[in-house]
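[1] one predicted model, sequence on top.
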Amino acid sequence: MTNAVIETILSRSASKYYDTTATLSDDQIRELVQIGTAAPTSFHLQNWRFIAVRTPESKARLRPIAWNQPAITDAAVTFIVIGQLVDTSVIPNRLAPLVEAGVMPANMVPEWEIPARDLYMAYPQRRRDEAVRTATFGAAAIIYAARSLGMGSTPMIGFDFDAVASEFGLADDEVPVMLLSVGPERPGNWKQKPRRPVEEVLDLV
């Protein structure tokens, strides 16, 4: 069982060494985020946001509050991957393009909004958990898209969450889930590290 998508997944490894002279155009960055936003989200909430830290000045702001990790300044871009606390009142707006395109009948919108409201809005932990899930799905899509385009990536949770939120103007309902550096690599990066055997992590019932 092999194809280009599977090979992309199986060959991915977190990058340590980047080509520090390489840059990505704003259009290339937009393409990566567009691919990232094709990832699944609960009730089509799309409760994510991405800040592309790409200029030397912005990288210099981020690196000291990100444990001085070299990837912040070495990689072409580092995304601050943000999850937004679930707010189900946005669902009609999120679903409007589906209704306009004839994909979803308009009378189905409340059938999504009402159960979503019941599931999330009285439960702060669920709202936050979904923010983290959504942002992680988006980041994963960017990771594999970058790999398929011949670039490396480094997901990181080593940063001062409060400082990043303050420095880059995150709203009160936004969670900085991870940093994700992306860019052309230079030699020296490891291949994907061996994983635990499937027998240790899979139950067939």
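    Perfect, I can see it now.
[2] for Ala71, give me its contacts.
    Applying CB atoms under 8 Å, 6 or more residues apart in numbering to Ala71 gives the contacts Ser15, Lys16, Tyr18, Thr78, Thr154, Met156, Ser181. For glycine as for every other residue, the C-beta is placed from the backbone atoms N, C-alpha and C.
[3] okay, how far is it across stretch 176-189, tip to tip?
    In stretch 176-189, first residue to last residue: 27 Å (CA to CA, to the nearest Å).
[4] next one: stretch 80-96
    Length of stretch 80-96, first residue to last, CA to CA: 28 Å.
[5] now do the contacts for Gly138.
    Gly36, Thr37, Ala39, Trp48, Phe50, Val81.
[6] in stretch 133-152, which residues are buried?
    133-148, 151-152 (16 or more other CB atoms under 10 Å).
[7] filter those residues down to just the ones in strands.
    Per DSSP state E, strands hold the following members of those: Gly152.
[8] quick revisit: could you work out the most separated pair of the contacts of Ala71?
    Lys16 and Thr78 (14.1 Å; CB to CB).
[9] more neighbours: which of these two?
    Set Lys16 next to Thr78 and count neighbours by other CB atoms under 10 Å: Thr78 wins out with 28 against 16.
[10] so that one sits in a strand?
    Yes - when classified by DSSP: H, G, I helix; E, B strand; the rest coil, Thr78 is found to be part of a strand.
[11] looking at strand pairing, list the partners for it.
    Beta-bridge pairing for Thr78 (DSSP bridges): Val53, Ser181.
[12] elements contacting the helix or strand in which Ser58 is found?
    Using DSSP states H and E, Ser58 sits in helix 56-62. When contacts are defined as 3 or more CB pairs under 8 Å, 6 or more residues apart in numbering; DSSP states H and E, helix 56-62 packs onto strand 48-53, helix 71-74, strand 77-84, helix 161-167.
[13] report the buried residues of that helix.
    Neighbour-count burial for helix 56-62, counted by 16+ other CB under 10 Å, picks out Ser58, Lys59, Arg61, Leu62.
[14] do stretch 185-203 as well
    Of all the residues in stretch 185-203, those buried under the rule 16+ other CB under 10 Å are Glu185, Arg186.
[15] equivalent analysis for stretch 3-21, please.
    For stretch 3-21, a neighbour-count test (16+ other CB under 10 Å) marks Thr8, Arg12, Ala14, Ser15, Lys16, Tyr17, Tyr18, Asp19 as buried.
[16] I appreciate the help and will end here.
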